[in-house]
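Colleague: okay, here's the prediction I keep looking at, along with the sequence it came from:
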Amino acid sequence: MRYLIDHKTSGHRVSWTGILTQIVISGFTGFIGGLYGHEEGYSPFMTLIFAGLGGFVGGKLLEWLWQRFFTA
């Protein structure tokens, strides 16, 4: 959804590869968010919230994590 919103406002052409890439990224970050909630011992409901938020922010979460852990 984020991919479509960004490309509609910018006027760029929508590609299926870009859509599939965004789905994979959102799924991965949702998994990471759910894994975090589970490992921290949160309730199943809170774990679902973390997974949903992780999936929603997608690539921005990956950028933040990369900057936090891999830049000096």
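Modeller: Sure, I can see it. Residues are numbered from 1 along each chain as shown.

Colleague: in this protein, which helix or strand is least confident?
Modeller: helix 2-10 (a mean of 67; mean pLDDT, DSSP states H and E).

Colleague: next SSE downstream of that helix?
Modeller: Counting by DSSP states H and E, the element after helix 2-10 in chain order, helix or strand, is helix 16-39.

Colleague: what's residue 25 in contact with, if anything?
Modeller: 58, 59, 62 (CB atoms under 8 Å, 6 or more residues apart in numbering). Where C-beta positions appear, they are placed from N, C-alpha and C, glycine not excepted.

Colleague: which of the residues you listed fall in helices?
Modeller: 59, 62 (DSSP state H).

Colleague: buried ones from the contacts of residue 25, can you make that a ChimeraX selection?
Modeller: A single ChimeraX command selects the buried members of these (16 or more other CB atoms under 10 Å):
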select :58
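
Colleague: out of the contacts of residue 25, flag the one nearest to residue 23.
Modeller: residue 58 (9.3 Å; CB to CB).

Colleague: quick check: the gap between that closest one and residue 41.
Modeller: For residue 58, the distance to residue 41 equals 25 Å [CB to CB, to the nearest Å].

Colleague: residue 67 too?
Modeller: 27 Å.

Colleague: give me the nearest residue to the most centrally placed residue in the chain, chain neighbours excluded.
Modeller: Of all residues in the chain, the one closest to the mean position by CA atoms, centre = their mean is residue 58, 1.7 Å from it. Sequence neighbours aside, residue 26 is the residue nearest to residue 58 in space, at 4.3 Å (criterion: CB to CB, 6 or more residues apart in numbering).

Colleague: so how many other residues sit close to residue 9?
Modeller: 8 (other CB atoms under 10 Å).

Colleague: residue 34 too?
Modeller: Residues within reach of residue 34, counting by other CB under 10 Å, total 21.

Colleague: that one and residue 46 touch, don't they?
Modeller: No - Residue 34 lies out of contact with residue 46 (CB atoms under 8 Å); the separation is 10.2 Å.
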